[in-house]
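Peer 1: Return a 3D structure for these sequence lines:
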Amino acid sequence: MNIEIERKFIVKKIPELVKSTIDIKQYYLMKDNSMVQRLRIFDNSKSIISFKQNTKNISRYEFEYEIPFEDANKIIEIMPHMPCIQKKRHIYYENNIMWEIDEFYGSNLNLIIAEVELDSENQNIDIPNWITKEVTYDKKYYNFNLALNPYEKWKK
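Peer 2: Sure, this is the predicted structure:
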């Protein structure tokens, strides 16, 4: 069982020397008060279906399962109006901590959010200088909400 402990931050500039970059298309199949179900396509070649607990805490259950790429494409074909976000995920390490930096495009263009997964809720981390502010508890920055109410509609 996988428990994810995650904090989110707005990024002003993607740091140099990222370790890797992948393209992600993330479709939302279902959401209710307890769970979000999503279908993720990585680099247009790998697909994962996941179930993520919907909670106000930074700790949440997350279950992920790889599915055949052909099956993922069929689901998308059958459900063409699913909410979706598109992003490039840059992996970057600083002080032995992995940062996942999501550079959104499409209707969330110019939004960059960094996520860091922690070992515990009270783990201390040094905030890099390329971060502007924390948005862990600001629901408008949750990926599902960005799919329904994209950044281009409310950015300042």
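Peer 1: Could you use CA atoms for every contact and neighbour count after this?
Peer 2: Fine.
Peer 1: Contacts only, for the closest residue to residue 101 other than its chain neighbours.
Peer 2: Ranked by Cα to Cα, 6 or more residues apart in numbering and with sequence neighbours excluded, the top spatial neighbour of residue 101 is residue 114, at 4.2 Å. Listed by Cα atoms under 8 Å, 6 or more residues apart in numbering, the contact partners of residue 114 are 8, 9, 10, 11, 99, 100, 101, 102, 131.
Peer 1: Can you pick out the ones from those residues that are in strands?
Peer 2: Those of those mapping onto strands are 8, 9, 10, 11, 99, 100, 101, 102, 131, per DSSP state E.
Peer 1: And the contacts of residue 114, which is closest to residue 147?
Peer 2: residue 102 (14.0 Å; Cα to Cα).
Peer 1: Quick check: the gap between the closest residue to that closest one other than its chain neighbours and residue 125.
Peer 2: Spatially, and ignoring its direct neighbours in sequence, residue 102 is nearest to residue 89 (4.5 Å; Cα to Cα, 6+ apart). From residue 89 across to residue 125, the span is 21 Å (Cα to Cα, to the nearest Å).
Peer 1: Among these two, which residue is more densely surrounded?
Peer 2: Per other Cα atoms under 10 Å, whichever of residue 89 and residue 125 has more neighbours is residue 89, with 22 against 10.
Peer 1: shouldn't the more buried one be in contact with residue 23?
Peer 2: Yes: counting by Cα atoms under 8 Å, residue 23 is a contact partner of residue 89 at 6.3 Å.
Peer 1: Count the neighbours of the residue nearest to residue 3 when sequence neighbours are not counted for me.
Peer 2: Excluding its sequence neighbours, the residue lying closest to residue 3 (Cα to Cα, 6+ apart) is residue 61, at 4.5 Å. For residue 61, the neighbour count with other Cα under 10 Å is 15.
Peer 1: how much space between residue 61 and residue 100?
Peer 2: In terms of Cα to Cα, residue 61 sits 18 Å off from residue 100.
Peer 1: follow-up on the earlier one: which residues does the residue nearest to residue 102 bridge with?
Peer 2: residue 22, residue 102 (DSSP bridges).
Peer 1: for residue 49, same thing?
Peer 2: With DSSP bridges as the rule, residue 49 is bridged to residue 39, residue 65.
Peer 1: contacting residues around it?
Peer 2: Residue 49 neighbours (Cα under 8 Å, 6+ apart): 37, 38, 39, 40, 64, 65, 66, 67.
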